[in-house]
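Chemist: From the sequence below, what's the structure:
(one chain, ligands or ions: 1)
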Amino acid sequence: MSRKFFVGGNWKMNGDKAQIEQIVQFLKTGPLDPAVEVVVGVPAVYLEHVKNILPSNVKVSAQNSYKVPKGAFTGEISPAQIKDVGADWVILGHSERRNVFGENDVLIAEKTIHALETGLSVIACIGEKLEEREAGQTEAVVYQQTKALADKITDWSNVVLAYEPVWAIGTGKTATPQQAQEVHKQLREWLKANVSEKVAQTLRIIYGGSVTAANCKELAKEPDIDGFLVGGASLKPEFVEIVNARQ
Ligand SMILES: O=C(COP(=O)(O)O)NO
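Modeler: Coordinates of the predicted model:
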């Protein structure tokens, strides 16, 4: 089964208009592999600005959204508002939303289904903490996180699942290709058993956690790694090399 390679950038709470100009410039220069789907997650305040200056082969994503269309939720943004400014993607359930801002599996699933029902595509993030891996709980944790999503999602065609082990995010301790492949394969087997063969075979499962130009090619060779969600390196010109990892 061939799945279109997907590389997301997650700028997190980084960037100002001057730095955004520099990033957009290296994205324009590329050259970016036309066979790769490229989406960059930008701070909400810059969504429309970045949407208007990105090259057409790069899409813009929000980094979070709430579970209802509008209302008295100070500081939140809704999928409807994200679409209103021309963005089509949102990252949900990132480990920083879970571990810094206390979002749980149920809330993330509610946010995800509302974003999908509003017509957004979703990069849905899962991943275990170091202590969970060291306790042999990796499978149990990522299955539980995925089940919470599967309990709500009926149409997976606009979902990309991002496996991002928390211990690899921002640490420079990238999962080895074997470690990442093992979890991606297990996730695909879980989806086959609990959702469908079709979803298991068609869903893009991407890896995130200290991906760089130096390690992306080896990771990209793994059969169940369909791309990346890149943090720090997405702010740098090496992001182009990561997009082109399979070339
Ligand atoms: O959080 C991440 C990964 O961040 P780093 O690439 O900086 O580890 N992706 O969403």
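
Chemist: How about whichever residue of the chain sits closest to the ligand: what's its closest non-neighbour residue?
Modeler: The ligand sits closest to G231 of the chain, with a gap of 2.2 Å, by C-beta to the nearest ligand atom. Every C-beta, even on glycine, is put in place using the N, C-alpha and C of the backbone. Excluding its sequence neighbours, the residue lying closest to G231 (C-beta to C-beta, 6 or more residues apart in numbering) is N10, at 5.0 Å.

Chemist: pretty sure the one you found contacts A233?
Modeler: No: the criterion here is C-beta atoms under 8 Å, and N10 misses it with A233 at 10.1 Å.

Chemist: ok, the residue nearest the centre of the chain - contacts?
Modeler: The chain has I123 as the residue nearest its centroid, 4.1 Å off, counting by C-alpha atoms, centre = their mean. Contact criterion C-beta atoms under 8 Å, 6 or more residues apart in numbering gives 8, 39, 41, 61, 89-92, 160, 162, 206, 229 as the residues in contact with I123.

Chemist: which residues does the residue nearest to G231 contact?
Modeler: By C-beta under 8 Å, 6+ apart, the neighbours of N10 are 41, 63, 91, 94, 208, 229-231, 234.

Chemist: Relative to I153, how far out is the residue in the chain sticking out farthest from the centre?
Modeler: Going by C-alpha atoms, centre = their mean, the residue of the chain most distant from its centre is A72, 27.8 Å out. Using C-beta to C-beta, to the nearest Å, A72 is found at 27 Å from I153.

Chemist: ditto for L120
Modeler: 13 Å.

Chemist: same thing with Q181?
Modeler: From Q181 to I153 the distance is 24 Å (C-beta to C-beta).

Chemist: Would you mind listing what in this protein touches the ligand?
Modeler: Residues of the chain lying close to the ligand (C-beta under 6 Å from any ligand atom) are 10, 94, 164, 169-170, 208-211, 229-233.

Chemist: how about 5 Å then?
Modeler: Contacts of the chain with the ligand, taken as C-beta under 5 Å from any ligand atom, map to 10, 169-170, 208, 210, 229, 231-232.

Chemist: Now, of the residues you listed, which are buried?
Modeler: Those of the residues of the chain next to the ligand that meet the buried threshold are 10, 169, 208, 210, 229, 231-232, by 16 or more other C-beta atoms under 10 Å.

Chemist: So which of those is the closest to Q201?
Modeler: Distance to Q201 across these (C-beta to C-beta) is lowest for L229, with 20.7 Å.

Chemist: which residues does that closest one bridge with?
Modeler: Beta-bridge partners for L229, by DSSP bridges, are G8.

Chemist: who are the neighbours in contact with G172?
Modeler: G172 makes contacts with S210, as judged by C-beta under 8 Å, 6+ apart.

Chemist: Give the rounded mean pLDDT of stretch 76-90.
Modeler: Taken as a whole, stretch 76-90 has a mean pLDDT of 98.
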